[in-house]
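Undergrad: Compute the structure for the input listed below.
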Amino acid sequence: MSARYRPLSASAAPDRDLARLLPLLAPGRIGAWADAETFREGLAQGEYRPEWTWIAETDGELRAVALWWGPPHATAPSVLNTLHVQHPADTAPDEERSARATAVAAGLLTAAHTAYAAKGQQTPPEYHVLLPPDWRDRPAALAALTWRRAAAEQAGLTVPLERLRYEWTGGTGTVPRPSPRLRFRPEPDDEVFAGLFRRALDGTLDVTSRTEAAIRGAEAQARDDLAFYRDDMQGERAWWRVAETPGGEPVGFALPSRNTGSHVVGYLGVLPEHRGHGYVDDLLAEITRLLAEEAGADLIRADTDLPNRPMAAAFTRLGYRNFARRLILSAP
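TA: Just a heads-up that it's a prediction; the model follows:
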């Protein structure tokens, strides 16, 4: 019998549905950001919502669950970050089980994308798959990703981007000292940062920013980046810093920030004419120092695109640990 797909908001018994899906959200599962506790907390904060939580059923039995996430003030979900399928207890070959999981998951994602499009969200949300750092060497991780990625592709999310996830902890990382060759100053004028964002886009190794700037123009992308960190992130605007030489020449900028889970390295950019001199280390050190000493952070997390090797090397030099990878699947 074909599966039925629906959000929890369409449920006649939402508490019963919630009780059925929570066991699928076991902690530590490959490919998932939310376990049962995280999901409950997110529901209370408005980051997960009944209308963004979809389930698949066959003959009344729960087959799959998909959780979309968004900021509390959002009117549409930002990303899909958790997708699970309940595998029947049978002895079918692994290939058959994977194919069945792909089919039900693809149907679930397609149904949700159609519903979101009907409400005006024409581009489906990205799917962010959380993976261990060595996932290519782990058969269980490969198997868990195979059907998820196939389902996402069938639902139109065909463009992959892999990111490295890093973390710095106060217990193991040394708080960096202030840079001896740059000075960092706060700057209240958003227009100054808009100009710095725009200049830093020239030759950037950040795949998303580069791609969007090529489509929409550097000015529009710079202002979108600025607005995101100012309005959507939970970090203080007063933390933002302009980096300058002792003579007052701008070298780059540093945006310490935080999200609902932890403090984060929000954004840092070295201006094109100053690249190649190791200033990325100074900017990352200042972000880490400010968050640790002034914001009281004992955990700082960050992502960088896999091709951005200079940024990855800077994280390693400063004592950040690569603890996971994020595979982003998006529509063309």
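
Undergrad: Does R181 belong to a helix, a strand or coil?
TA: Per DSSP: H, G, I helix; E, B strand; the rest coil, the secondary structure class of R181 is coil.

Undergrad: Pretty sure A285 is one of the things it touches, is it not?
TA: No - judged on CB atoms under 8 Å, R181 makes no contact with A285 at a distance of 11.2 Å. Using the backbone N, CA and C atoms, a C-beta is placed for each residue, glycine as well.

Undergrad: Between these two, tell me which one has more neighbours.
TA: A285 (20 against 12; other CB atoms under 10 Å).

Undergrad: Is the more buried one inside a helix or a strand, and which specific one?
TA: Assessed by DSSP states H and E, A285 sits inside helix 279-289.

Undergrad: Next: A312.
TA: Going by DSSP H and E, A312 is in helix 309-317.

Undergrad: Now do the contacts for the closest residue to L284 other than its chain neighbours.
TA: Counting by CB to CB, 6 or more residues apart in numbering, the nearest residue to L284 once its immediate chain neighbours are dropped is A314, at 5.2 Å. Residues counted as contacts of A314 (CB atoms under 8 Å, 6 or more residues apart in numbering) are 280-281, 284.

Undergrad: pLDDT value on L283, please?
TA: At L283, the model reports a pLDDT of 98.

Undergrad: quick one: it and G266 touch, right?
TA: No - L283 lies out of contact with G266 (CB under 8 Å); the separation is 11.4 Å.

Undergrad: Neighbour count: these two, which is higher?
TA: L283 (25 against 21).

Undergrad: which stretches of this structure have low pLDDT?
TA: 1, 89-91, 173 (pLDDT under 70).

Undergrad: And for it, the residue most distant from the center?
TA: Note on the chain: the largest C-alpha distance from the chain mean falls to G247, namely 37.4 Å (CA atoms, centre = their mean).

Undergrad: That one and R181, how far apart?
TA: From G247 across to R181, the span is 11 Å (CB to CB, to the nearest Å).

Undergrad: Provide a list of residues in contact with the residue nearest the centre of the chain.
TA: Taking CA atoms, centre = their mean as the criterion, H128 is the residue nearest the geometric centre of the chain, at 6.3 Å. The contact partners of H128, by CB under 8 Å, 6+ apart, come to 33, 79-81, 326-328.

Undergrad: ok, 10 Å please
TA: Shown in contact with H128 (CB atoms under 10 Å, 6 or more residues apart in numbering): 31, 33, 69, 78-82, 161, 163, 303, 326-330.

Undergrad: Give me the common contacts of R181 and A285.
TA: Common contact partners of R181 and A285 (CB under 10 Å, 6+ apart): none.

Undergrad: On the strand side of things, show who T169 bridges to.
TA: Bridge pairing for T169 (DSSP bridges) gives the partners L299.

Undergrad: Can you report how many residues lie near it?
TA: T169: 16 neighbours (other CB under 10 Å).

Undergrad: Verify the stated contact: it with D298.
TA: Yes - at 6.4 Å, T169 counts as touching D298 under the criterion of CB atoms under 10 Å.

Undergrad: Could you name every residue contacting both of these two?
TA: Shared contacts of T169 and D298 (CB under 10 Å, 6+ apart): A292.

Undergrad: Might one say that G261 is in contact with T38?
TA: Yes - G261 lies in contact with T38 (CB under 10 Å); the separation is 9.0 Å.

Undergrad: Between those two, which is the more surrounded one?
TA: T38 (19 against 11).

Undergrad: Identify the residues contacting the residue nearest to that one when sequence neighbours are not counted.
TA: Spatial nearest neighbour of T38, chain neighbours left out: L25 (7.8 Å); criterion: CB to CB, 6+ apart. L25 is in contact with 32, 34-40, 65, 67, 82, 84, counting by CB under 10 Å, 6+ apart.

Undergrad: Just the buried ones from the residues you listed, in ChimeraX syntax?
TA: With 16 or more other CB atoms under 10 Å as the burial test, the buried ones among the contacts of L25 are selected in ChimeraX as follows:
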select :32,34,35,38,39,65,67,82,84
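
Undergrad: mind listing which of the contacts of L25 are in helices?
TA: Residues of the contacts of L25 located in helices (DSSP state H): 36-40.

Undergrad: could I get these as TSV with distance to A222?
TA: Below are these laid out as TSV (distance: CB to CB, whole Å):
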residue	distance to A222
A36	40
E37	38
T38	33
F39	35
R40	38
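
Undergrad: any idea which of these is closest to S209?
TA: T38 (28.3 Å; CB to CB).

Undergrad: gap between the closest one and G107?
TA: 25 Å.

Undergrad: Can I get stretch 295-311 as PDB, trimmed to CA atoms?
TA: Only the C-alpha atoms of stretch 295-311 are listed here, as PDB (Å, rounded to 0.1, in the frame of the first residue of the first chain):
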ATOM      1  CA  ALA A 295      31.300  36.800  26.100                       C
ATOM      2  CA  GLY A 296      32.300  34.000  28.500                       C
ATOM      3  CA  ALA A 297      32.200  31.200  25.900                       C
ATOM      4  CA  ASP A 298      33.700  27.900  26.900                       C
ATOM      5  CA  LEU A 299      32.600  26.300  23.600                       C
ATOM      6  CA  ILE A 300      33.000  27.900  20.100                       C
ATOM      7  CA  ARG A 301      32.000  26.200  16.900                       C
ATOM      8  CA  ALA A 302      32.600  26.900  13.300                       C
ATOM      9  CA  ASP A 303      32.100  25.600   9.700                       C
ATOM     10  CA  THR A 304      34.200  26.000   6.600                       C
ATOM     11  CA  ASP A 305      33.700  24.700   3.100                       C
ATOM     12  CA  LEU A 306      35.900  21.700   2.300                       C
ATOM     13  CA  PRO A 307      37.700  23.500  -0.500                       C
ATOM     14  CA  ASN A 308      38.700  26.300   1.800                       C
ATOM     15  CA  ARG A 309      42.000  24.800   2.900                       C
ATOM     16  CA  PRO A 310      43.500  28.000   4.300                       C
ATOM     17  CA  MET A 311      40.600  28.400   6.700                       C
END
